[in-house]
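Enquirer: Provided below for reference: sequence and predicted model.
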Amino acid sequence: MPGAFSELWVFLAASPLTWLTATLFAYLAGLLLNQHCRQHPLTNPVAIAVILLVTLLLLTGTPYGRYFEGAQFIHFALGPATVALAVPLYQQRERLRRYAWPLCAGLVAGSFAATASAVLIAWLLGATPETLLSLLPKSVTTPIAMGVSERVGGLPSLTVVLVITTGILGAMLARPLHQALRIHDPVSRGFAMGVTAHGIGTARAFQENQTMGAFAGLAIGLNGLLTALSVPWLVRLFT
């Protein structure tokens, strides 16, 4: 019986659909737990899904490359999902016109603070130059972050880990931080989450209300564009 189970697992592990299904079920488990806990920030569905999947990969001895053969379908869907964020933003176009200049100022300040603080802390802790370069795009969505990291000489694989970690921590800490600072405006809260915590933060923003989600989606696109244009130029300037 154990031999038959082992043969069955070898067959399933070789199928991309197995890991696609595992990813979907892991996220569903995280989502159900999050809803059961009344959307408590510490029960972030993405964080729970990551823990479950990493545990499963370690227990089964499955290399990440094989897992990604199935998970790449979800990775591909990130592009259309990001573009779809334009729909709720269009519904907020009147507010967008009203807050255009404050949002531009917040974008520049938030993008600079997110990048500079991470690099400074890592430098003080003795991080290698490659690690510092990998940190530069850690607050933008994964496809853009990987491209920027590769262009400036960072490690795209490390950047992916940093991006996901940033998004999870941002989604967990944003709400209590906003409450502590008495920031209640949904435009400000949503835009800040998009600038600092990209897609994962935006998903959290949509859980609170549509306005927050719409402006978080706007921040993802603008911060991605600003980072892609400015980071390579700054690296060339200072090296």
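Expert: Structure's in. What do you need? This is a predicted model, so every value here is computed, not measured. Numbers count the residues shown, from 1 in each chain.
Enquirer: per-residue pLDDT, Leu132?
Expert: pLDDT, Leu132: 91.
Enquirer: Which helix or strand contains it?
Expert: helix 129-135 (DSSP states H and E).
Enquirer: for the protein, what's the longest helix?
Expert: helix 210-238 (DSSP state H).
Enquirer: which helices and strands does it pack with?
Expert: helix 64-84, helix 86-90, helix 93-98, helix 100-124, helix 142-152, helix 186-208 (3 or more C-beta pairs under 8 Å, 6 or more residues apart in numbering; DSSP states H and E). For glycine as for every other residue, the C-beta is placed from the backbone atoms N, C-alpha and C.
Enquirer: got the buried residues for the third one?
Expert: The one in question is helix 93-98. For helix 93-98, a neighbour-count test (16 or more other C-beta atoms under 10 Å) marks 95-96 as buried.
Enquirer: CA atoms only: put it into PDB for me.
Expert: Output in PDB follows, covering the C-alpha atoms of helix 93-98 (Å, rounded to 0.1, in the frame of the first residue of the first chain):
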ATOM      1  CA  ARG A  93     -12.800  59.400 -11.700                       C
ATOM      2  CA  GLU A  94     -14.400  62.500 -10.100                       C
ATOM      3  CA  ARG A  95     -12.400  62.000  -6.900                       C
ATOM      4  CA  LEU A  96      -9.300  61.300  -9.000                       C
ATOM      5  CA  ARG A  97      -9.600  64.700 -10.600                       C
ATOM      6  CA  ARG A  98     -10.100  66.400  -7.300                       C
END
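Enquirer: from here on, count from 144
Expert: From this message on, residue numbering opens at 144, which makes the last subject helix 236-241.
Enquirer: Give me the average confidence score over it.
Expert: Rounded mean pLDDT across helix 236-241 is 82.
Enquirer: Off-centre distance for that helix?
Expert: 26 Å (C-alpha atoms, centre = their mean, to the nearest Å).
Enquirer: per-domain residue ranges of this protein.
Expert: 144-216, 228-382 (automatic domain parsing).
Enquirer: Pick out the shakiest of the ones you listed, pLDDT-wise.
Expert: The stretch with the lowest mean pLDDT among the domains of the chain is domain 144-216, at a mean of 77.
Enquirer: Count the residues that sit near Met336.
Expert: 30 (other C-beta atoms under 10 Å).
Enquirer: now it, nearest residue through space, not along the chain?
Expert: Distance criterion C-beta to C-beta, 6 or more residues apart in numbering; nearest residue to Met336, sequence neighbours excluded, is Gly344 at 3.9 Å.
Enquirer: cool, Leu160 as well?
Expert: Looking at Leu160 with C-beta to C-beta, 6+ apart, the closest residue is Gly213, at 6.2 Å.
Enquirer: Isn't that neighbour up against Leu200?
Expert: No. Between Gly213 and Leu200 there is no contact under C-beta atoms under 8 Å: 11.8 Å.
Enquirer: How about Gln350: what's its closest non-neighbour residue?
Expert: For Gln350, the closest residue by C-beta to C-beta, 6+ apart turns out to be Gln182, at 5.7 Å.
Enquirer: Phi first, then psi, for the one you found.
Expert: Backbone geometry at Gln182, expressed as degrees, to the nearest 10, gives phi 60, psi 40.
Enquirer: That one is in contact with Ala346, isn't it?
Expert: No. Using C-beta under 8 Å, Gln182 makes no contact with Ala346, being 11.3 Å away.
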